[in-house]
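# Just need the structure, nothing else, for what follows:
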Amino acid sequence: MATPNYGYEKRQRELAKKKKKEEKARAKAAGKPYGDGQEEVIENPMAPPPPTPGEEPAGS
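Numbering: from 1, shown residues only. Below you'll find the model as predicted:
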């Protein structure tokens, strides 16, 4: 079996990091927030559901 080429893997990680940094700088220069602006919001599954309109909050 061939040995892993750690230098190649490290270089690929560095290139990916550099590309991401450049994209972020370009977006900042354009006055836009980084990313597409549609970040996924993950809700807490253990949180109680929000009260419905007209319903009194629990514990009052």
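
# For this protein, just list every one of the helices.
Under the criterion DSSP state H, the chain contains helices at 6-29.

# Any stretches of it with poor pLDDT?
33-43, 45, 48-49, 55-60 (pLDDT under 70).

# repeat that for 80
For the chain, the stretches with pLDDT under 80 are 1, 32-60.

# And for Lys24, the neighbour number?
13 (other C-beta atoms under 10 Å). From N, CA and C alone the C-beta is placed, and that goes for glycine too.

# cool, and Tyr8?
Tyr8 has 9 nearby residues by other C-beta under 10 Å.

# gap between it and Leu15?
Separation of Tyr8 from Leu15 (C-beta to C-beta, to the nearest Å): 11 Å.

# Next: Pro53.
52 Å.

# Who has more neighbours out of the two?
Leu15 (10 against 5).

# Please report the distance of the more buried one from Glu22.
11 Å.

# again, but for Tyr8
The value you get for Tyr8 to Glu22, if C-beta to C-beta is used, is 21 Å.

# number of nearby residues for Lys21?
10.

# Oh, that last question was meant for Ala25, not what I typed.
Ala25 has 11 nearby residues by other C-beta under 10 Å.

# now Tyr6
Neighbours around Tyr6, by other C-beta under 10 Å: 8.

# Over to Asn5?
9.

# All set now, cheers.
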